[in-house]
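Asks: sequence first, predicted model second:
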Amino acid sequence: MLRTLLIGLLGLVASIGWLFCSMTLASASGNVDLNSALQTTPQGIPVKDYFDLTKSTLSKAKVVSSANPATKQTEVVQITNGPHQVGAVWSKPQRRFDLNQNQTLSMWLYFGNEAEKAADGMAFVIHNDLRKEQAMTQFPSKRNIPGETLGVWGVDNHNQELRTKKMVKQVAASAIQHSWALEFDTHLNTDHRMKGIKPANSFDLARNKPLIGPHLAANYPGEVSSYLPHIALNAVYYFRYVSLNHQGLIQAGKGNYNFLANAQWHHVTLNYETGGPSSQTGLMTYSFDDRDPVTGITNREGAVATFKIDKNKVDPEKTGKAYWGFTGAAGQKGENNLVVFDQVPGLVTSQATATVTDAKNHEIKSGGVVHHGEQVRLTYKLAYLQGDLNWQNISAQISLPDELAFDTVSIRNADHSEDTGVSNWTAGTSTFKHQLTSPLGKDNKWVTITFTGTAKGEKGVVHPTTSSFTSAEAAVESTTPELSIGDPLLTLKMDTSLDDPVDNTKPMSLNGQVTFRESHYANSQLRLVSKLNGVKQRDQQLSDKDRAGAFHYVLKENVLHSGQNFLDLTVVTNDGLASNRLRVVLVPQEIDDEGPGTLAFQTLSQQLQFKGQLTGQSQELFRQAGFQLKILDERPHGTWSLQVMAEPLLEQTTQQPLAGQLVYRMSSTDFPLDSTDVQMIANHENDGKASTIDVTSDWQHTKKVDRGLFLKLASSATAGNYQGKITWILSDAM
């Protein structure tokens with residue numbers, strides 16, 4: 001019988017966004033900004049057990065939940081969200097800052113999206129004010145809340161005071177006492193001329209000249225030395241005011257109002273070093289924008305500054321402790337001031353690292369090269385550094401680089417125990433989610449999660465991926481180094497000429513050669529791994545009887561279908577090193593078929609469509625109604641199979657690829673479709689008479705049946721009109 005191969009091509013269209021749908025936006029701009037921030041909430045910890053929202057009736061601070069599916073357990077502290085507001089959140093008494101111990105704390109901050117129109121910012125504060133959890137600026141009234149105070153600095157409204165010293169003392173006395181503050185100032189208060197000057201709007205000056213942009217700065221809110229007096233006067237009138245003595249200044253370039261209020265989350269890490277109980281000072285180092293807000297990748301070129309804290313000013317009673325938290329205030333303008341904590345002092349201090357090593361256990365650092373087919377090991381190490389509690393119930397959400405294919409994973413603790421609950425992970429997939437069974441603490445200070453595999457990507461870049469490790473006590477992230485894929489250390493070449501059709505009626509030998517760049521292997525240490533038309537074949541061992549590196553791949557008779565056949569060959573060493581993939585195209589000689597009958601596509605729609613509405617979250621779309629795919633088989637006997645492959649979907653204007661994946665779902669399993677490998681989705685045996693099979697008849701998306709073509713969208717998918725090509729391959733089943 002004549003073996004047939006029929007290929008159907010059709011357009012694949014995914015219309016996503018405003019052309020066929022719209023992303024729903026809330027009516028108020030503040031709500032839109034808040035919703036956007038919550039939908040992109042970074043990884044953090046729950047906060048209600050560790051912080052008190054101030055009991056003052058003035059405070060608008062509250063805890064809201066993340067709307068990001070990837071960070072469902074994260075709680076967000078909303079300091080302010082509108083004009084004429086003040087907010088504060090403080091650590092509980094048992095969670096106060098230990099001034100006599102080294103401390104690390106970190107958080108993500110969000111300042112709204114108003115840029116130059118933003119107001120006013122917030123501040124990180126440690127204090128021993130007598131009001132404890134109710135500490136905040138003493139405002140003139142509930143309705144008069146100067147935004148420049150940020151809820152921690154003093155109120156500058158004594159502008160007609162005759163004596164300069166008294167005026168400055170009055171300002172300092174209205175601030176949070178016995179405190180140190182690091183401000184994140186999104187709005188410049190720069191009044192300094194007689195014309196137009198008004199109360200509480202002059203903090204952001206440096207020697208009577210305005211600061212050049214939004215900034216970070218620190219000082220002691222309750223200390224007179226933190227305020228610099230000024231006077232504006234003419235022949236008949238004067239106006240006294242103060243500016244803030246900005247220490248440890250980090251500021252944007254001139255006119256750069258996107259430094260803070262740019263609709264992005266900003267990561268901040270504070271490291272406190274103490275000289276011990278007898279030391280009168282502690283050194284606070286703060287790093288701003290030290291992680292990428294989208295990828296979470298560390299080691300960005302963030303800004304760093306230090307401040308030497310006088311413990312006597314913060315802790316005059318020498319208790320060794322201080323309340324800590326955030327304050328914020330807004331005047332006539334409002335903004336969403338949000339905080340996500342990922343590491344708090346005294347609770348658990350931890351870190352996570354990601355290291356890539358080669359088969360010789362040499363570390364491959366950022367910028368290094370891993371060769372195609374080379375064995376690699378990726379190890380995440382979580383370390384418990386210090387804390388009052390154990391780090392427990394740690395949820396690992398690991399994103400593995402696509403260009404590296406891993407087939408094993410192991411988890412080992414410092415106490416020599418192993419985590420055996422990883423059997424649900426599927427080798428070759430790029431995500432790994434697992435809750436560690438053993439807590440980390442003083443008796444078990446670290447755990448490693450190790451993946452082993454090979455570099456499967458062709459020449460190019462292995463992009464960094466960021467993984468998170470979270471619990472109620474701490475949330476940390478680690479990022480893999482950026483690597484490059486180099487030429488394979490083993491190269492596979494074909495010697496047999498395949499220009500003419502091959503005789504499929506008898507076995508044939510395909511001869512070739514393996515060449516080595518570095519280490520040499522005996523033939524008995526090499527085996528050929530192969531796929532024929534996407535179907536894995538039996539491995540074949542090389543023989544030491546042949547010359548070094550020579551191979552003879554044996555192809556059985558009657559295994560090829562009509563037309564082009566694709567044989568993929570790879571040589572793998574006993575220690576896991578792999579060669580390049582060699583694709584061989586085989587075309588069999590055609591033989592007349594004595595029997596009548598036709599095998600063909602009877603109906604194949606020219607377009608397959610997906611339409612949907614973006615939500616900012618990952619989702620999946622089922623194919624639109626109207627698509628038809630029917631197979632006509634008029635042969636008296638025989639079987640056939642249907643395979644499919646698809647090219648990437650590209651946006652028609654920008655030619656950017658869609659952040660998503662076309663999959664065929666069958667028996668609760670998703671089979672990704674790409675342009676490299678074919679996926680078999682159907683087969684049929686003829687019962688001796690002509691038949692028409694409707695392949696799509698059981699494609700459904702219901703609670704009982706979930707089968708057919710789906711488009712899986714990532715949360716980062718953008719609106720547009722995407723198109724691509726899908727190829728259907730109908731052939732005699734082998």
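Replies: Noted; the coordinates are in hand. Numbers count the residues shown, from 1 in each chain.
Asks: can you pull out the helices in the chain?
Replies: 29-39, 164-173, 311-314 (DSSP state H).
Asks: closest to residue 213 out of these?
Replies: Of all the helices of the chain, it is helix 29-39 that lies closest to residue 213, at 20.8 Å by CB to CB. Just so you know, the C-beta spots here come from the backbone N, C-alpha and C atoms, and that holds for glycine as well.
Asks: rewinding a little: out of the helices of the chain, nearest to residue 451?
Replies: Among the helices of the chain, the nearest to residue 451 by CB to CB is helix 29-39 (30.3 Å).
Asks: on that earlier part again, now the helices of the chain in TSV, with distance to residue 96, mean pLDDT and mean neighbour count?
Replies: Converted to TSV, the helices of the chain look like this (distance: least, CB to CB, whole Å; pLDDT from 0 to 100; neighbours: other CB atoms under 10 Å):
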stretch	distance to residue 96	mean pLDDT	mean neighbour count
helix 29-39	29	84	18
helix 164-173	23	95	17
helix 311-314	11	97	18
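Asks: distance to residue 632 added to these, as CSV?
Replies: Formatted as CSV, those follow (distance: least, CB to CB, whole Å):
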stretch, distance to residue 632
helix 29-39, 49
helix 164-173, 89
helix 311-314, 84
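Asks: in stretch 630-644, what counts as buried?
Replies: Within stretch 630-644, the residues scored as buried using 16 or more other CB atoms under 10 Å are 630-633, 635, 638, 640-644.
Asks: where in the stretch 1-150 of the chain is pLDDT low?
Replies: Along the stretch 1-150 of the chain, the parts satisfying pLDDT under 70 run over 1-30, 54-55.
Asks: ranges for the strands of it?
Replies: Assigned by DSSP state E, counting those that start in this stretch, the stretch 1-150 of the chain shows strands spanning 5-16, 51-53, 62-65, 75-80, 85-91, 97-98, 103-110, 121-127.
Asks: out of these, which is closest to residue 387?
Replies: Proximity to residue 387, assessed across these by CB to CB, is greatest for strand 103-110 (10.2 Å).
Asks: give me the angle between that closest one and helix 29-39.
Replies: 130 degrees (axes from the mean of the first three to the mean of the last three CA atoms, to 10 degrees).
Asks: deepest-packed of the strands of the stretch 1-150 of the chain, please.
Replies: Mean neighbour count (mean count of other CB atoms under 10 Å) peaks for strand 121-127 among the strands of the stretch 1-150 of the chain, with a mean of 28.
Asks: who does it touch, helix- and strand-wise?
Replies: Applying 3 or more CB pairs under 8 Å, 6 or more residues apart in numbering; DSSP states H and E, one finds that strand 121-127 contacts strand 179-185, strand 321-330, strand 337-343.
Asks: of those strands, which approaches residue 611 most closely?
Replies: Nearest of the helices and strands packed on strand 121-127 (CB to CB): strand 337-343, 33.9 Å.
Asks: tilt between the closest one and helix 29-39?
Replies: If you take the same axes, to 10 degrees, strand 337-343 sits at 10 degrees to helix 29-39.
Asks: and strand 337-343, how far out from the chain middle?
Replies: Here strand 337-343 shows a centroid-to-chain-centroid distance of 17 Å under the convention CA atoms, centre = their mean, to the nearest Å.
Asks: same check, this time on stretch 491-509
Replies: In this view, stretch 491-509 has its centroid 46 Å away from the chain centroid, taken as CA atoms, centre = their mean.
Asks: swap in stretch 259-279?
Replies: Distance, centroid of stretch 259-279 to centroid of chain: 22 Å (CA atoms, centre = their mean).
Asks: what sits closest to residue 114 if chain neighbours are left out?
Replies: Distances taken as CB to CB, 6 or more residues apart in numbering place residue 261 nearest to residue 114, at 5.2 Å, with adjacent residues excluded.
Asks: from what I see, that neighbour and residue 185 are in contact.
Replies: No: in terms of CB atoms under 8 Å, residue 261 does not count as a neighbour of residue 185; the distance is 10.4 Å.
Asks: any common contacting residues for the two?
Replies: Taking CB atoms under 8 Å, 6 or more residues apart in numbering as the criterion, residue 261 and residue 185 both touch residue 214.
Asks: ok so, going back, now the strands of the stretch 1-150 of the chain as JSON lines including distance to residue 451?
Replies: Output for those, formatted as JSON lines (distance: least, CB to CB, whole Å):
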{"stretch": "strand 5-16", "distance to residue 451": "32"}
{"stretch": "strand 51-53", "distance to residue 451": "37"}
{"stretch": "strand 62-65", "distance to residue 451": "32"}
{"stretch": "strand 75-80", "distance to residue 451": "31"}
{"stretch": "strand 85-91", "distance to residue 451": "38"}
{"stretch": "strand 97-98", "distance to residue 451": "38"}
{"stretch": "strand 103-110", "distance to residue 451": "26"}
{"stretch": "strand 121-127", "distance to residue 451": "37"}
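Asks: can you tell which of the ones you listed is closest to residue 471?
Replies: For residue 471, the closest of those is strand 75-80, at 13.3 Å, according to CB to CB.
Asks: tell me the strands beside the closest one, with direction?
Replies: Here strand 75-80 is paired, per DSSP bridges, with strand 62-65 (antiparallel), strand 337-343 (antiparallel).
Asks: closest one to residue 123 among the helices of the chain?
Replies: Closest to residue 123 of the helices of the chain, according to CB to CB: helix 311-314, at 14.3 Å.
Asks: C-alpha coordinates for the closest one, PDB please?
Replies: Extracted C-alpha coordinates of helix 311-314, given in PDB (Å, rounded to 0.1, in the frame of the first residue of the first chain):
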ATOM      1  CA  LYS A 311      22.100  55.600  69.900                       C
ATOM      2  CA  ASN A 312      21.700  58.300  72.600                       C
ATOM      3  CA  LYS A 313      19.400  60.300  70.400                       C
ATOM      4  CA  VAL A 314      17.200  57.400  69.500                       C
END
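Asks: beta partners for the residue nearest to residue 91 when sequence neighbours are not counted?
Replies: Closest residue to residue 91 apart from its sequence neighbours, by CB to CB, 6+ apart: residue 324 at 5.2 Å. Listed by DSSP bridges, the beta-bridge partners for residue 324 are residue 126.
Asks: what about residue 324, distance to residue 338?
Replies: 18 Å (CB to CB, to the nearest Å).
Asks: what's next to stretch 681-699, contact-wise?
Replies: By CB under 8 Å, 6+ apart, stretch 681-699 touches 597, 602, 623, 627-644, 664, 666, 671, 705, 707-709, 733.
Asks: surely residue 33 meets residue 113?
Replies: Yes: using CB under 8 Å, residue 33 is in contact with residue 113, at 4.8 Å.
Asks: give me the common contacts of these two.
Replies: Counting by CB under 8 Å, 6+ apart, the shared contacts of residue 33 and residue 113 are residue 263.
Asks: hang on, residue 303 packs against residue 249?
Replies: No: Residue 303 is not in contact with residue 249 according to CB under 8 Å; the separation is 9.9 Å.
Asks: which residues do those two both contact?
Replies: Joint contacts of residue 303 and residue 249 (CB under 8 Å, 6+ apart) are residue 216.
Asks: gap between stretch 485-502 and the chain center?
Replies: Relative to its parent chain, stretch 485-502 has a centroid offset of 38 Å by CA atoms, centre = their mean.
Asks: before we move on, what about stretch 134-147?
Replies: 39 Å.
Asks: for stretch 561-574, same thing?
Replies: Centre-to-centre, stretch 561-574 and its host chain are 36 Å apart (CA atoms, centre = their mean).
Asks: and it, what's its mean pLDDT?
Replies: Average pLDDT, stretch 561-574: 90.
Asks: in it, what's buried?
Replies: Neighbour counts over stretch 561-574 (16+ other CB under 10 Å) mark 561-563, 565, 567-573 as buried.
Asks: what's the most distant pair in these?
Replies: Within the buried residues of stretch 561-574, 562 and 573 form the most distant pair, 36.1 Å apart (CB to CB).
Asks: below-threshold pLDDT in the stretch 401-550 of the chain: ranges please.
Replies: 421, 423-424.
Asks: just the strands in it please.
Replies: Using DSSP E, counting those that start in this stretch, the strands of the stretch 401-550 of the chain run over 404-413, 418-419, 431-435, 446-455, 460-462, 466-470, 475-479, 483-486, 490-494, 508-516, 526-532, 535-536, 540-541, 550-555.
Asks: sweet, I'm off.
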